[in-house]
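# Mind looking at a prediction? Sequence and model below.
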Amino acid sequence: MLRLYHFIGQEYGLAALRQRRLKISRLHELNDPFEFLAADLSDMHHRHALHKTKNKLSESKGLLCFSRTWRNPVLWGHYADKHRGLCLGFSIPETHARQVAYVNSRFSWPKIVDEQFMQQLLFAKFSHWSYEKEYRVYAQLNTQENGLYFVEFSDTLSLHEVIVGCESQISRAQIREALGNHADTITTFKARAAFRSFRIVRNKNENLWA
C-alpha cells in the first residue's frame, strides 16, 4: 500500500470528511494547460486530434491527485488555502495509483499512436512541477451531483490521517464532528512550520491546538 496525501481547503475538506468522499477533478479543470498535451503538437492535425481526444476523455474520466509528501510548504500554500486547510492521508494500493513522470521536453509524435503513448500523456508533466511528487488515480465519472463527481472512501481509498494546516482555525471538535464514528481510528494532528528547515512538521505540543 502507498501512503499518499491530498491537500484541500477548509470548507471542502470538512465536507469530504463528513461525506467520506473526494471530488474527482476533470481533465479540463486542472491548473496545467499542458495536461494530456505533453507531445510535440507543431503539426496542426496532431494538435487537433489530441485536443479532441482530451475532450472525449473528459466526458467519462477524471482523476484524484495526491502527493507522496505532506511536508512541502508550497503544496500547502497552493492546494490547502494557504495553510488554512487540511491534508488527508490515504492508504491506496500500488495497483490503483501511478506516479507522474516529470519531463524536460515534449514527446516526439510516434509513428503509431498506441496505448503506451496514451499512458505517457496521461502521466507526464513538465519537470518544474516535480516538487509535487504527484501520484494519480484515474476514476470513472458515474453519478453526478450538482455537476460534480465523487469517489467514496473505501478499501482502495482508505483514510488514515487528517493533518490540520499551521494557519488553520479548524478545531479538534470540528474534526471529530466531521469524522463522526471514525474519529477514534484516524490519526489527527496540527502542523507547524519547522524551526531549522523549510518544511512543515507535526506540532508535538498538543496544547497549542484547541
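Done, it's in.

# Report the central residue of this protein.
In the chain, the residue lying closest to the centroid (Cα atoms, centre = their mean) is residue 65, at 2.3 Å.

# how far does the helix or strand bottoming out on mean pLDDT in the chain sit from the chain's center?
For the chain, the helix or strand with the lowest mean confidence is strand 144-145, at a mean of 83 (criterion: mean pLDDT, DSSP states H and E). Its chain's C-alpha centre and that of strand 144-145 lie 20 Å apart, by Cα atoms, centre = their mean, to the nearest Å.

# Could you look up the next helix or strand downstream of it?
strand 148-152 (DSSP states H and E).

# what about the helix or strand following that next one, average pLDDT?
Next along the chain after strand 148-152, taking DSSP H and E as the criterion, comes strand 158-164. Averaging pLDDT along strand 158-164 gives 98.

# who's in contact with strand 158-164?
3, 5, 17, 20, 70, 86-92, 153, 170, 175, 179, 182, 186-191, 202, 209 (Cβ atoms under 8 Å, 6 or more residues apart in numbering). In this view, the C-beta of every residue, glycine as well, is placed from N, C-alpha and C.

# Keeping just the C-alphas, turn that strand into CSV.
The C-alpha coordinates for strand 158-164 follow below in CSV (Å, rounded to 0.1, in the frame of the first residue of the first chain):
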residue,chain,number,x,y,z
SER,A,158,-8.7,4.4,3.0
LEU,A,159,-8.4,7.5,5.1
HIS,A,160,-5.7,7.2,7.9
GLU,A,161,-4.6,10.7,8.7
VAL,A,162,-6.0,14.2,8.9
ILE,A,163,-3.4,17.0,9.2
VAL,A,164,-4.6,20.5,10.0
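
# Name the strands paired with it and say parallel or antiparallel.
strand 86-92 (antiparallel), strand 187-193 (parallel) (DSSP bridges).

# ok, now which ones touch the residue nearest to the centre of the chain?
So residue 65 contacts 6, 25, 134-136 (Cβ under 8 Å, 6+ apart).

# Mind giving me the PyMOL select for the contacts of strand 158-164, buried ones only?
Buried residues within these, by 16 or more other Cβ atoms under 10 Å, are selected in PyMOL with:
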select buried, resi 5+17+20+70+86+87+88+89+90+92+153+170+175+179+186+188+189+190+191+209
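
# Only alpha carbons, please: show the longest helix anywhere in the chain as CSV.
When the chain is parsed with DSSP state H, its longest helix is helix 44-58. Output of helix 44-58 as CSV, limited to C-alpha atoms (Å, rounded to 0.1, in the frame of the first residue of the first chain):
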residue,chain,number,x,y,z
MET,A,44,-1.9,21.0,-36.8
HIS,A,45,-3.5,17.6,-37.4
HIS,A,46,-1.8,16.1,-34.4
ARG,A,47,-2.8,19.1,-32.3
HIS,A,48,-6.5,18.8,-33.3
ALA,A,49,-6.5,15.0,-32.8
LEU,A,50,-5.1,15.3,-29.3
HIS,A,51,-7.4,18.1,-28.2
LYS,A,52,-10.4,16.1,-29.5
THR,A,53,-9.2,13.0,-27.6
LYS,A,54,-8.7,15.0,-24.4
ASN,A,55,-12.2,16.5,-24.7
LYS,A,56,-13.6,13.0,-25.2
LEU,A,57,-11.8,11.5,-22.2
SER,A,58,-13.1,14.4,-20.1
